[in-house]
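Visitor: Make a model of this:
(one chain, ligands or ions: 3)
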Amino acid sequence: MSVTVRTLQQCKNDGRKISMLTAYDATFAHQISSAGVDAILIGDSLGMVMQGHDSTVPVSVDEIAYHTACVARGNHGALLIADVPFLAAATLERALDTSLKLMQAGANVVKIEGAGWLADTVRVLKRNGVPTCIHMGLTPQSVNAFGGYRVQGREQSQAEQMVEDARALEAAGADMLLLECVPRALSRRITESVGIPVIGIGAAPECDGQVLVIQDVLGITQGKTARFVKNFMAEAGGDIAAAIKAYDTAVKDGSFPAAEHCF
Ligand SMILES: Nc1nc(=O)c2c([nH]1)NC[C@@H]1CN(c3ccc(C(=O)N[C@@H](CCC(=O)O)C(=O)O)cc3)CN21
Ligand SMILES: CC(C)C(=O)C(=O)O
Ligand SMILES: [Mg+2]
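Guide: Ligands and ions are numbered 1, 2, ... in the order given. Prediction:
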């Protein structure tokens with residue numbers, strides 16, 4: 001049975017946690033979906049972990065579409081979410097063109113970095129049959145504007161705006177939200193403020209689900225990793241399939257993330 005946006009909504013309604021991991025190729029899609037992970041993100045993090053860039057800014061729509069098609073061939077029933085690259089949804093026309101390529105490559109949902117100002121985009125995509133996930137908080141494509149990868153929503157006014165934006169995006173028809181590097185208390189408040197599933201990374205165990213980059217889970221990422229990362233390879237005795245299963249189990253039993261992975 002394939003996972004759909006309705007399955008994830010049911011998970012939130014029933015209080016069952018959602019697990020998500022990134023994948024960029026058929027082999028990992030096979031391993032991750034076979035382990036029972038609910039959703040696979042074809043993330044623009046591939047610009048860093050696959051291509052060796054120092055940010056996600058250089059990634060193109062055609063590259064995400066290529067990796068989405070690779071993942072789709074190895075996938076066994078996980079929901080496929082494709083990242084919309086830098087500026088590829090900056091106008092409604094671009095958002096539609098980008099979604100056309102990603103959905104035809106095999107995506108079930110497109111994920112767009114931004115905030116409340118994406119409400120119109122969400123409405124237009126929904127009308128055209130494209131489910132959306134809006135990535136809020138630390139949006140890595142804005143690293144040049146932020147001046148680094150920094151926690152977002154620490155100031156009261158910014159926190160209130162984020163809650164308001166989450167509600168506006170739900171009202172516009174967004175199917176899910178993703179919060180990255182948002183303080184735990186605010187992440188919990190946003191998750192409780194909307195009816196749609198909220199996936200966290202550096203957010204809170206109280207989110208409806210969690211996502212990590214697969215290389216981080218396997219402990220093979222080059223250089224320093226973020227606070228929210230947990231390497232599941234050690235407890236899995238060096239077995240990749242066991243590490244993926246350990247992640248899925250830890251998300252679903254609520255033991256990941258722990259306080260040390262949150263802000
Ligand atoms: N391997 C990998 N894992 C990721 O999670 C990831 C990527 N690559 N590439 C794209 C973005 C970049 N991401 C990042 C990168 C660094 C931090 C980071 O170092 N954050 C600080 C927060 C500092 C603060 O404001 O307190 C940290 O200490 O975790 C966070 C997210 C998440 N994404
Ligand atoms: C880190 C996750 C949320 C992401 O957007 C990516 O992998 O590109
Ligand atoms: Mg991304």
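Visitor: Go ahead and produce CSV holding the CA coordinates of stretch 111-121.
Guide: C-alpha atoms of stretch 111-121 as CSV (Å, rounded to 0.1, in the frame of the first residue of the first chain):
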residue,chain,number,x,y,z
LYS,A,111,8.3,21.3,-1.0
ILE,A,112,8.8,25.0,-1.2
GLU,A,113,11.0,27.1,1.1
GLY,A,114,9.3,30.3,2.4
ALA,A,115,6.5,31.5,4.6
GLY,A,116,3.1,33.1,4.6
TRP,A,117,3.7,35.0,1.4
LEU,A,118,3.5,31.6,-0.4
ALA,A,119,-0.2,31.4,0.2
ASP,A,120,-1.2,32.4,-3.3
THR,A,121,1.3,29.9,-4.8
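Visitor: Is ligand 1 within reach of stretch 50-58?
Guide: Yes - Stretch 50-58 is in contact with ligand 1 by C-beta under 6 Å from any ligand atom, via residue 56. From N, CA and C alone the C-beta is placed, and that goes for glycine too.
Visitor: Quick check: end-to-end length of that stretch?
Guide: End-to-end span of stretch 50-58 (C-alpha to C-alpha, to the nearest Å): 12 Å.
Visitor: which non-adjacent residue is nearest the residue in the stretch 101-250 of the chain that ligand 3 sits nearest to?
Guide: Closest to ligand 3 within the stretch 101-250 of the chain is residue 140: 6.0 Å, counting by C-beta to the ion. Nearest non-adjacent residue to residue 140, counting by C-beta to C-beta, 6 or more residues apart in numbering: residue 56, 5.1 Å away.
Visitor: That neighbour: which element?
Guide: Using DSSP states H and E, residue 56 maps to neither a helix nor a strand.
Visitor: Relative to residue 176, how far out is it?
Guide: 20 Å (C-beta to C-beta, to the nearest Å).
Visitor: who's more crowded, these two?
Guide: Neighbours were tallied for residue 56 and for residue 176 using other C-beta atoms under 10 Å; the higher tally belongs to residue 176 (29 against 22).
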